[in-house]
Structure formats: C-alpha cells, structure tokens
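# let me see the structure of the following:
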Amino acid sequence: MKILFICKYNRFRSRIAEAYFKKINKNKKIRIDSCGLIKGNPVSKTTISVAKKFGINVKGKTKGLDEKVLKSIDLLIIVADNVPKSIFKKFNRKIIVWEIEDASQNNKKDIEKVIKRIMNKVENLAKDLEK
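Below you'll find the model as predicted:
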C-alpha cells in the first residue's frame, strides 16, 4: 500500500504527517510520501526546531505534485484545510480529508499545536490500517 500526504506547499503539514508516520509505522508493506499542490519554499528553521522536539525530522527539499505520483498511490490524505478534494476525483483513489489549518511559520506555539493534531491523526490512521 502506498499513502500520499498532501498539503498546499509541502513545507509543514504533509511533511510532519509523512515523517511521523514513517517513525511509528511497523508495517513495511506501507510506503509513505508527501508533496504539495505547489512546490513550496524551504521548511522554516522554526518549524524544523519545533518538529525536532517531537523527534520528527522535516529537513529536506519540498516536493510538488505530479500526475505520475497520483497514479501510483492507493490512499491520498489531504492534511490541509485549503486543498480541495474535488481536484483529485478523476484519479479514482481513496481520499481522506483531515482539514488541518496551517500555522504561522514563526509561531512556536501554533506549530506545536498543529504538530500534536497531526500526530494524533497519524496515530489513529496507523491503528486503523492495522485492522
């Protein structure tokens, strides 16, 4: 099974979801990736340092979405609250929408709050996939 986490720019929400799922995933048959509708600017230093407190590594380049990636996945998870589900319907993939708001890239408390929410969603997803 291949899961793709999507947000608007792949510089926060989808990156956190991807990295955290990889960290807790015990099923090696599940492959995880993330990208943004648009390839965004690099991840902010504040986001990197806050994520590191949770043991999550989000360093690296952002990735943009392409049709090849969408055709290769089994499950699409829209992490963001500003990405419309309707644009993916033609790919006939299972879609889950979490609608998580973005955080200011310089506000540590906002970033922590969103990271905790994403971690909770990822933990529930992992439990559901074990069944």
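# please count neighbours and contacts with C-alpha atoms only from this point.
OK.
# relative to the whole chain's centre, how far out is the lowest-mean-pLDDT helix or strand in the chain?
Sorting the helices and strands of the chain by mean pLDDT, DSSP states H and E puts helix 67-71 at the bottom, at a mean of 90. In terms of C-alpha atoms, centre = their mean, to the nearest Å, the centre of helix 67-71 is set 16 Å apart from its chain centre.
# give me the residues contacting that helix.
The contact list for helix 67-71 (C-alpha atoms under 8 Å, 6 or more residues apart in numbering) reads residue 91.
# in its sheet, which strands sit next to whatever helix or strand comes next after it, and in what direction?
Next helix or strand after helix 67-71 toward the C-terminus (DSSP states H and E): strand 75-80. Here strand 75-80 has these sheet partners by DSSP bridges: strand 2-7 (parallel), strand 94-100 (parallel).
# of the ones you listed, flag the one that's most buried.
Most buried of the strands paired with strand 75-80 by mean neighbour count (mean count of other C-alpha atoms under 10 Å) is strand 2-7; its value is a mean of 23.
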